[in-house]
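**Student:** Okay, predicted coordinates and the sequence, questions at the end:
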Amino acid sequence: MPGWLEIVVRALSAFVMLFIITRILGKKQISQLTFLEFIIGITLGELAGFLSTDVEAHFLHGVIALAVWFVVPLGLEFLMLKSKKLRQLIEGGGRVVIKEGKVLEDNMKKERLSADELLEQLRGKNVFNFADVEFAVMETNGELSVLLKKDKQPLTPSHLGIKTVNEVEPQTVIMDGKYMDEPLATLGLSRGWLHAELEKIGVTVENVFLGQVDAYQQIYVDLYDDKLKVPAPQAKALLLATLKKSQADLELFASATRSPEAKAMYERTSRELAGVISSLDPMLRG
């Protein structure tokens, strides 16, 4: 076999093996790495490189080395899932570097973290004043986890006593000008429904780069031509307006009728509808 062809075969084999190993070891290998994962990643890459280009070395020996560096970390991961002490020994643990707005210099020295690096990490979390921090922990992967003091945390609907509803993931039903049948089926919709919705806003599927439908069957589209304007979905706003109009009509009927029984019925129904509107308002205004 020619030398160049042997290198091609070795490189392709190393690529396939490294891809399979990385897939099995998990996504953490391509995210923020711990010490062990960092060592494993470097070693596997070096072994794959040597296996690809060192034609004088025995190919099987390289495969055995890759297998060892695959089996041992995989076994350690399973053991660490069952043993907290082993996780602590191999990966270490997080260390508090700020507590109640006070920087803990001794812990920073143990982490070999300078003041500039600490401030840089805080800015990465949109924190520009260390005194605003209740706790900051240096994690095992080198990331800084930050908890702001109560009075420095951003307002949320719960702070204001506003009820919210759980959002449901929108489904991408058009991509690159083509229908996506599986997401449509997930929503219980058809191409015919989607085609009719596109006609309402005056676009064709071929002109749509991306199209999504939310849980309320509102469609959002991004067109290839960015100069074209697409009207915003109005389904929720129209439903809220219809409900409020119905309640107003019931109150009008109650004031206009001469029958005590009908008046009581209209007023009762109006109150019940007002309760429904109150519970749906956060959803329909979102």
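**Tutor:** Ah, there it is.
**Student:** Phi and psi next, for Val97.
**Tutor:** Note on Val97: backbone dihedrals following degrees, to the nearest 10 are phi -110, psi -20.
**Student:** Taking the chain centroid, which residue in this structure is the extreme one?
**Tutor:** Arg258 (58.1 Å; Cα atoms, centre = their mean).
**Student:** Looking at that one now. What's its pLDDT?
**Tutor:** The score at Arg258 is 85. That number is its pLDDT.
**Student:** Run through the helices of this protein in chain order.
**Tutor:** Taking DSSP state H as the criterion, the chain contains helices spanning 3-25, 35-53, 59-82, 84-91, 105-110, 115-124, 181-186, 191-201, 235-256, 260-285.
**Student:** what's the most buried one of those?
**Tutor:** Of all those, helix 35-53 has the most neighbours on average by mean count of other Cβ atoms under 10 Å, namely a mean of 16. Placement of C-beta: from N, CA and C, glycine included.
**Student:** Between helix 84-91 and that helix, find me the angle.
**Tutor:** 60 degrees (axes from the mean of the first three to the mean of the last three Cα atoms, to 10 degrees).
**Student:** so what does helix 35-53 touch, helix or strand wise?
**Tutor:** The contact analysis (3 or more Cβ pairs under 8 Å, 6 or more residues apart in numbering; DSSP states H and E) places helix 35-53 against helix 3-25, helix 59-82, helix 84-91.
**Student:** ok, 6 Å please
**Tutor:** helix 3-25, helix 59-82 (3 or more Cβ pairs under 6 Å, 6 or more residues apart in numbering; DSSP states H and E).
**Student:** How many residues are close by Val146?
**Tutor:** 19 (other Cβ atoms under 10 Å).
**Student:** Just to check, it is in contact with Phe135?
**Tutor:** No: between Val146 and Phe135 there is no contact, the gap being 7.6 Å when judged by Cβ atoms under 6 Å.
**Student:** Tell me how far the spatially most central residue of the chain lies from Ala215.
**Tutor:** Of all residues in the chain, the one closest to the mean position by Cα atoms, centre = their mean is Glu169, 10.5 Å from it. Applying Cβ to Cβ, to the nearest Å, the value for Glu169 to Ala215 is 8 Å.
**Student:** where in the protein is pLDDT low?
**Tutor:** Applying pLDDT under 70 to the chain flags the ranges 1-4, 6-7, 22-23, 25-36, 53-57, 157, 159-167, 232, 234-235, 282-286.
**Student:** Got the domain ranges for it?
**Tutor:** Split into domains by automatic domain parsing, the chain comes to 3-89, 95-152, 171-233, 236-285.
**Student:** Out of these, flag the one nearest Ser158.
**Tutor:** domain 236-285 (11.7 Å; Cβ to Cβ).
**Student:** So what sits opposite Lys102 in the bridge?
**Tutor:** Lys102 has the following beta-bridge partners by DSSP bridges: Lys99.
**Student:** What is the burial count for it?
**Tutor:** Neighbours of Lys102 using other Cβ under 10 Å come to 10.
**Student:** which ones are touching Asn107?
**Tutor:** By Cβ atoms under 6 Å, 6 or more residues apart in numbering, the contact set of Asn107 is Arg95, Val97.
**Student:** again, 8 Å this time
**Tutor:** Arg95, Val96, Val97, Met138 (Cβ atoms under 8 Å, 6 or more residues apart in numbering).
**Student:** Now the helices and strands packed on helix 35-53 in TSV, please, with extra columns for distance to Gly211.
**Tutor:** As requested, the helices and strands packed on helix 35-53 are arranged in TSV below (distance: least, Cβ to Cβ, whole Å):
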stretch	distance to Gly211
helix 3-25	31
helix 59-82	41
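**Student:** just to revisit the earlier point, residues touching the residue farthest from the centre of the chain, list them.
**Tutor:** Applying Cβ under 8 Å, 6+ apart, no residues contact Arg258.
**Student:** The chain should start at 49 in everything you say after this.
**Tutor:** All right, first residue 49 from here; so that's Arg306.
**Student:** Backbone torsions only: list them for it.
**Tutor:** Backbone torsions for Arg306, taken as degrees, to the nearest 10, come to phi -100, psi -10.
**Student:** now it: how far from Glu245?
**Tutor:** Arg306 is 46 Å from Glu245, by Cβ to Cβ.
**Student:** Good, wrapping up.
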